[in-house]
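Asks: My questions are about this predicted structure, shown below with the sequence.
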Amino acid sequence: GAGIAGGIAYNSSNTKVLPVAVAEEKQTTNEPKPTALDPKNFVSLKLLEVEPISHDTSVFRFALPEGHTAGLPIASCVVAKYTPEEGKPIVRPYTPVSDQEAEGYVDFIIKKYETGTLTPIIHNLKPGDSLEFKGPIPKYDWEKNQKANVGMIAGGTGITPMLQIIRRVFHEKSSDKNTKITLIFANQTDKDILLKEELDKIAKEHPDRFKVVYALDKAPEKWDGLVGYVDKEAIKKYLPSPQQEDSIIFICGPPLMVKSIAGAKDKMQQGELDGYLKELGYAKDNVFKF
């Protein structure tokens with residue numbers, strides 16, 4: 001994309017990942033860039049390129065008009081729509097992971113589910129094919145509700161809204177709150193861990209502010225992370241306590257995981273707080289379910 005500088009992220013097998021957008025230091029105006037997406041209407045975007053980051057997950061980069069951004073506040077998602085020749089349109093939400101200020105493109109991390117209705121279709125798209133998007137749909141307003149102490153629990157592609165916030169916190173020029181983040185990232189196997197090198201790099205560069213703990217259902221030999229599901233002991237050990245001031249716990253992952261840890265969501269609403277977090281004494285106002 002135009003106006004991008006910085007390195008390229010790699011996954012654990014050194015597969016190239018699309019560059020993370022970091023705005024070049026150049027003269028700019030205070031005028032906001034025009035945005036390409038519409039929260040009320042679907043907009044057709046063409047696929048630019050695809051980069052695999054694991055055996056079943058890829059980064060999909062869609063083109064925006066030149067000089068336009070996606071206009072995506074952190075944290076937010078969009079709705080994607082595919083209309084088959086016969087039958088009803090297929091609509092699903094996805095969380096962009098590209099930089100807020102990235103011009104000319106928007107990125108999504110999408111895992112292929114063989115039994116899914118839309119992900120197999122997206123994974124069969126070729127550069128030049130189009131998909132419709134509507135948004136943004138605001139989720140958690142980080143700019144207005146920044147916290148000094150953040151705990152995150154992510155399962156699989158539930159890492160995407162966490163990545164929005166992590167990149168915002170650690171790629172910005174300054175942080176009023178000097179935010180500290182601890183992420184528990186749960187996956188089935190080590191091959192399923194997405195963007196591990198990028199997360200490890202941030203942890204190495206900010207050891208006093210960012211810690212990532214990996215949890216695997218099926219761990220290899222000599223694994224030094226968590227084994228099995230994320231439980232009360234792991235939450236208690238690694239994440240900010242219920243008594244920690246200026247704190248919040250974010251969670252995103254498969255519905256059963258979210259239900260056991262924080263209580264089920266009520267469609268697009270947060271739902272009641274339940275599960276391990278309630279048992280540990282967390283308050284509803286200090287937990288957010290993506």
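Replies: Ah, there it is. Numbers count the residues shown, from 1 in each chain.
Asks: which stretches of the stretch 151-290 of the chain form helices?
Replies: With DSSP state H, counting those that start in this stretch as the criterion, the stretch 151-290 of the chain has helices at 159-171, 196-205, 232-238, 255-262, 275-279.
Asks: Could you give the average pLDDT over the second one?
Replies: Mean pLDDT, helix 196-205: 96.
Asks: ok, back up a step: now render the helices of the stretch 151-290 of the chain as JSON lines, adding distance to E51 and mean neighbour count.
Replies: To be clear about C-beta, it is placed using only N, CA and C from the backbone, and glycine gets the same treatment. JSON lines is the format used below for the helices of the stretch 151-290 of the chain (distance: least, C-beta to C-beta, whole Å; neighbours: other C-beta atoms under 10 Å):
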{"stretch": "helix 159-171", "distance to E51": "15", "mean neighbour count": "22"}
{"stretch": "helix 196-205", "distance to E51": "13", "mean neighbour count": "17"}
{"stretch": "helix 232-238", "distance to E51": "31", "mean neighbour count": "15"}
{"stretch": "helix 255-262", "distance to E51": "27", "mean neighbour count": "19"}
{"stretch": "helix 275-279", "distance to E51": "35", "mean neighbour count": "19"}
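Asks: how about the ones you listed, which one is nearest L64?
Replies: helix 159-171 (17.3 Å; C-beta to C-beta).
Asks: just for the stretch 101-250 of the chain, where's the confidence low?
Replies: Applying pLDDT under 70 to the stretch 101-250 of the chain flags the ranges 172-176.
Asks: at 80 what do you get?
Replies: The stretch 101-250 of the chain contains residues with pLDDT under 80 at 171-177.
Asks: could the helices of the stretch 151-290 of the chain be laid out in TSV, adding distance to K289?
Replies: Below are the helices of the stretch 151-290 of the chain laid out as TSV (distance: least, C-beta to C-beta, whole Å):
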stretch	distance to K289
helix 159-171	10
helix 196-205	21
helix 232-238	14
helix 255-262	6
helix 275-279	10
